[in-house]
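Colleague: okay, structure incoming, though there's no sequence with it:
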């Protein structure tokens, strides 16, 4: 099976984050079942696009931008 592309990854990331509203990076990565490199690629793309924002917490957290 082919690996999902960046667009599919960012959609999955946002969908999972919307359900949680806010999440720690480690918890969200585990929920997605992704490797660290895959998670951080999608995270960086969404952060650069202004769709998510960084939160606080040990290990960092993330939430939807504008919330």
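Modeller: That came through fine. Keep in mind that what you see is a predicted model, and the values were worked out from it rather than measured. Numbers count the residues shown, from 1 in each chain.

Colleague: list the buried ones in the helix or strand containing residue 47?
Modeller: Residue 47 belongs to helix 36-48 when assigned by DSSP states H and E. With burial defined by 16 or more other C-beta atoms under 10 Å, the residues of helix 36-48 counted as buried are 38, 39, 41, 42, 43, 45, 46. Placement of C-beta: from N, CA and C, glycine included.

Colleague: could you list the low-pLDDT ranges of this structure?
Modeller: Residue ranges of the chain with pLDDT under 70: 1-4, 67.

Colleague: could you pull out the strands for it?
Modeller: For the chain, the strands defined by DSSP state E occupy 22-24, 52-54, 61-64.

Colleague: looking at those strands, which is nearest to residue 15?
Modeller: Nearest to residue 15 among the strands of the chain is strand 61-64; the distance by C-beta to C-beta comes to 11.2 Å.

Colleague: gap between that closest one and the chain center?
Modeller: In terms of C-alpha atoms, centre = their mean, to the nearest Å, the centre of strand 61-64 is set 8 Å apart from its chain centre.

Colleague: quick one on the thing from earlier: can you redo the strands of the chain as JSON lines with mean neighbour count and distance to residue 6?
Modeller: What follows is the strands of the chain, written out as JSON lines (neighbours: other C-beta atoms under 10 Å; distance: least, C-beta to C-beta, whole Å):
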{"stretch": "strand 22-24", "mean neighbour count": "17", "distance to residue 6": "20"}
{"stretch": "strand 52-54", "mean neighbour count": "17", "distance to residue 6": "15"}
{"stretch": "strand 61-64", "mean neighbour count": "17", "distance to residue 6": "17"}
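
Colleague: turn those strands into a markdown table, columns for distance to residue 12.
Modeller: Shown next, in a markdown table, are the strands of the chain (distance: least, C-beta to C-beta, whole Å):
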| stretch | distance to residue 12 |
| --- | --- |
| strand 22-24 | 13 |
| strand 52-54 | 13 |
| strand 61-64 | 14 |
